[in-house]
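**Student:** Have a look at this fold, sequence not included:
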C-alpha cells in the first residue's frame, strides 16, 4: 500500500489522490481488459470472463446489503438501498444481475451452470468474498470509499461496449444491455460516495484509510483479471474450474 | 466442485476419496512448485514465494485459534491448541512462524518488510483470508476437514528440502529449518483430523461437505501458486506488490 500521508489533505487534494489511484490501478489498465476490448480474445475466453464476472455482479447486492445493515440513518440507508434495487430489480427479469445473465445467455453459457457457480476460478470467489468481508468488517467510511471504483467505470464501460460490438460477431447490443443503465447509475452513486468520503475523512488516519480502501478495491478487480489471464489466456486452468 | 455422492460412503471409502482429492489437487502438482523444487527459479522468484508464503504461515495460528474458539470440549481444544504452540512457539524465536522468518532472512529479505505484509500479492491475502473465514463460518466438521491437506505435506516437504538444497546455492540446511519439525507434526495432526472426520462425517451431506472442504483448501494453496506463477514467472506483477 502506498497511502502514507505526512500532512492532512484538503478535500480537493484527497479527491486528486483518489483519482490518481484510479489512473494507476483501475482495471481498465489490465492486459486482460485491453485484450477483451481490442477483440483479441476468442469466444471461449469471453465466456470465461462473463462466467466469473457473474459472481461479482451477483454478489454486489449482498455487499450493499451488508453495508445497508450497518448504516445509521434513514437518509444513508435510502441512498444505499437504491443500489440494491438497481442490481436486484423490482420484478423477475429486471435489474443488473438479470441483465448480466442476458450476456451469459448470449454467449451460449447454460444459465443453470452460471448460477451454480460451479465453474468459478477460486481466485474469483476469494476476491469477491474479500470485498464483502471488507465491507462487513471495516469502518463505514472505508466501506463507502471502497465503492469509489465507480468513479472510473463510465470510461471502461464505453470502451468495452464499443470495442466488443466492433470486434466480436457473437456480441450484440442486446447482450450488452447490462451496461447501458450503469452509465447513469454509476456516476450518481459515485457522486454520493465521493461527497460522503470528502466530508467525513477528516484526520490523516481517516484519509489514509480511505485511500487504502480504494487501493484494496482496485486490487479485487485486478486480481480477478489476473486469474482469468493466467487460466484462460496462458492456459493454466486450475482444477475444477470452467473448461471451455 | 466434484463431490456429489449418490450413496453414503464407508469410512474406508471416504478416506479413499479424500486421498484421491489430494492426488489430483494438492499443490505439489502445481507448475510453480515443480519449478521451485527442480531449481528452475531464480533467487528473486524464490524470495517472492517465501515472502508471500510468510502470510500463510503467520496466519495459521489465527486460523487455528479461530477454530479453537469454537471447539466444544477440553479434549478437542487440547488437541488443537498444540497446533498453535507449534506455530507460535513458547518463547521468542521459537515456533514455525519464527522459523519461516529464518528462511526469508536467509534469502536476503528485510524482516521488517516481510512482517509488514506490504509486498504481498493481493491474491495471497484473499486466499489466506478465505481460509480463515472458512474456518470461522463453516461447521466444525468442515473446518477440521479443511486441515487435511497435511495428509499430503510430508511428501512435498521431502521433495522441497532435497530439491532446494541440491539446486540453489543461496539455500542451506539452516534456512530450511522450518520444514524439519513439520515432518513429524503434520502426520500427528492429520492423523487426528482424519480420525475425527471419518468418525463424524456420517450422512451423505456431511461426507460431501468434508470432501468439498478439502477441495476448497487445495484451491487456497493452488491459487497462491497461480498468483506467484503469473506475477513472478510470467512477469505480470500487480500494482503495489513486491518488485524483486
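**Tutor:** Everything's here; your move. Keep in mind that what you see is a predicted model, and the values were worked out from it rather than measured.
**Student:** Check which residues of the helix or strand bottoming out on mean pLDDT in chain A are buried.
**Tutor:** Scoring the helices and strands of chain A by mean pLDDT, DSSP states H and E places helix A:153-167 at the bottom, with a mean of 91. By 16 or more other C-beta atoms under 10 Å in any protein chain shown, the buried positions in helix A:153-167 come out as A:153, A:154, A:156, A:157, A:159, A:160, A:161, A:163, A:164. C-betas here are computed from N, CA, C, even on glycine.
**Student:** Return the residues of chain A in contact with chain B.
**Tutor:** A:1-2, A:24-25, A:31, A:118, A:121-123, A:125-127, A:129-130, A:133, A:215-216, A:218-220, A:222-223, A:226-227, A:229-231, A:234, A:236, A:238-240 (C-beta under 8 Å from any C-beta of the partner chain).
**Student:** Buried subset of the residues you listed, written for ChimeraX?
**Tutor:** Selection of buried members from these for ChimeraX, criterion 16+ other C-beta under 10 Å:
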select /A:25,121,122,123,125,126,127,129,130,133,215,216,218,219,220,222,223,226,227,229,230,231,236,238,239,240
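**Student:** Now go through the residues of chain A next to chain B and say which are in helices.
**Tutor:** In this view, these that belong to helices under DSSP state H are A:24-25, A:31, A:122-123, A:125-127, A:129-130, A:133, A:215-216, A:218-220, A:222-223, A:226-227.
**Student:** Name all residues that make contact with residue A:35.
**Tutor:** Shown in contact with residue A:35 (C-beta atoms under 8 Å, 6 or more residues apart in numbering or on different chains): A:41, A:45, A:233.
**Student:** State the helix or strand in which it lies.
**Tutor:** Using DSSP states H and E, the element containing residue A:35 is helix A:31-37.
**Student:** So for that helix, what gets flagged as buried?
**Tutor:** By 16+ other C-beta under 10 Å, the buried positions in helix A:31-37 come out as A:32, A:33, A:35, A:36, A:37.
**Student:** Run a quick neighbour tally on residue A:186.
**Tutor:** 21 (other C-beta atoms under 10 Å in any protein chain shown).
**Student:** returning to that earlier point: what mean pLDDT does the helix holding residue A:35 have?
**Tutor:** What helix A:31-37 shows for mean pLDDT is 95.
**Student:** Equivalent analysis for stretch A:201-219, please.
**Tutor:** Summarised as a single mean, pLDDT over stretch A:201-219 is 98.
**Student:** Residues touching that stretch, excluding its own?
**Tutor:** So stretch A:201-219 is contacted by A:1-5, A:7-9, A:14, A:17-18, A:21-22, A:25-27, A:131, A:134, A:138-139, A:141-143, A:145-149, A:197, A:200, B:122, B:238-240 (C-beta under 8 Å, 6+ apart).
**Student:** Quick check on residue A:98: phi, psi?
**Tutor:** phi -60, psi -40 (degrees, to the nearest 10).
**Student:** Identify the residues contacting the nearest residue to it once chain neighbours are set aside.
**Tutor:** Nearest non-adjacent residue to residue A:98, counting by C-beta to C-beta, 6 or more residues apart in numbering or on different chains: residue A:89, 5.9 Å away. The neighbourhood of residue A:89, defined by C-beta under 8 Å, 6+ apart, consists of A:95, A:96, A:97, A:98.
**Student:** Check the secondary structure at the third one for me.
**Tutor:** Each residue gets one of three states, and residue A:97 gets helix by DSSP: H, G, I helix; E, B strand; the rest coil.
**Student:** Near it, how many residues? Count them for me, please.
**Tutor:** By the measure other C-beta under 10 Å, the count of residues near residue A:97 is 19.
**Student:** how much space between it and residue A:91?
**Tutor:** Remark: distance between residue A:97 and residue A:91 (C-beta to C-beta, to the nearest Å) = 13 Å.
**Student:** do the last one as well
**Tutor:** Taking C-beta to C-beta as the measure, residue A:98 and residue A:91 are separated by 10 Å.
**Student:** Neighbour count: those two, which is higher?
**Tutor:** It is residue A:98, of residue A:98 and residue A:91, that has more neighbours when counted by other C-beta under 10 Å, with 17 against 7.
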